[in-house]
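K.L.:
Sharing a sequence plus its predicted fold:
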Amino acid sequence: MKITIESTTKVVTLPGKVLVRVWEGATSDGLAVQVMVAGLATERTVDLARLEEGLRANRAPSPQFFDQPAAMVL
């Protein structure tokens, strides 16, 4: 499965006190999804300021998603 996601401004705490950023997007067959990302990694030679700048330019989350999703798949 492939998904395309976009970062949002929403950061939540999952059970176990894990902070995650909420990303939203869709699967390759069009199913809307919400993805909780705990971290991003890249090669050591990459300037992380570019990643941080991109995260600051994110959008507000869509209103159709709830604070606690009805179903979660790991």
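P.N.:
On my side now, so go ahead.
K.L.:
Buried ones in the longest strand seen in the chain, by neighbour count?
P.N.:
Counting residues, the longest strand found in the chain (DSSP state E) is strand 3-14. By neighbour count on 16 or more other CB atoms under 10 Å, the buried set for strand 3-14 is 7, 8, 10. C-beta coordinates here come from the backbone N, C-alpha and C atoms, glycine included.
K.L.:
Mind giving me the packing neighbours of it?
P.N.:
With contacts taken as 3 or more CB pairs under 8 Å, 6 or more residues apart in numbering; DSSP states H and E, strand 3-14 sits against strand 18-27, strand 32-37.
K.L.:
For residue 37, list each beta-bridge partner.
P.N.:
residue 21 (DSSP bridges).
K.L.:
How about residue 27?
P.N.:
Bridge pairing for residue 27 - DSSP bridges - gives residue 3.
K.L.:
so it makes contact with residue 33?
P.N.:
Yes. Here residue 27 reaches residue 33: they are 6.2 Å apart, a contact under CB atoms under 8 Å.
K.L.:
Between these two, which contacts overlap?
P.N.:
residue 3 (CB atoms under 8 Å, 6 or more residues apart in numbering).
K.L.:
between these two, which one's more packed in?
P.N.:
Set residue 27 next to residue 33 and count neighbours by other CB atoms under 10 Å: residue 33 wins out with 16 against 12.
K.L.:
Can you list the buried residues in the helix or strand of the chain with the lowest mean pLDDT?
P.N.:
Least confident helix or strand of the chain, by mean pLDDT, DSSP states H and E, is helix 48-56 with a mean of 82. Along helix 48-56, no position meets the burial threshold by neighbour count (16+ other CB under 10 Å).
K.L.:
who are the neighbours in contact with the residue nearest the centre of the chain?
P.N.:
Compute the mean C-alpha point of the chain, and by CA atoms, centre = their mean the closest residue is residue 23, 2.4 Å away. By CB under 8 Å, 6+ apart, the residues touching residue 23 are 5, 6, 7, 8, 34, 35, 36, 37.
K.L.:
Need the three-state assignment for the residue of the chain most remote from its centre.
P.N.:
Centroid-distance maximum for the chain: residue 45 at 23.7 Å, with CA atoms, centre = their mean. With DSSP: H, G, I helix; E, B strand; the rest coil as the basis, residue 45 sits in coil.
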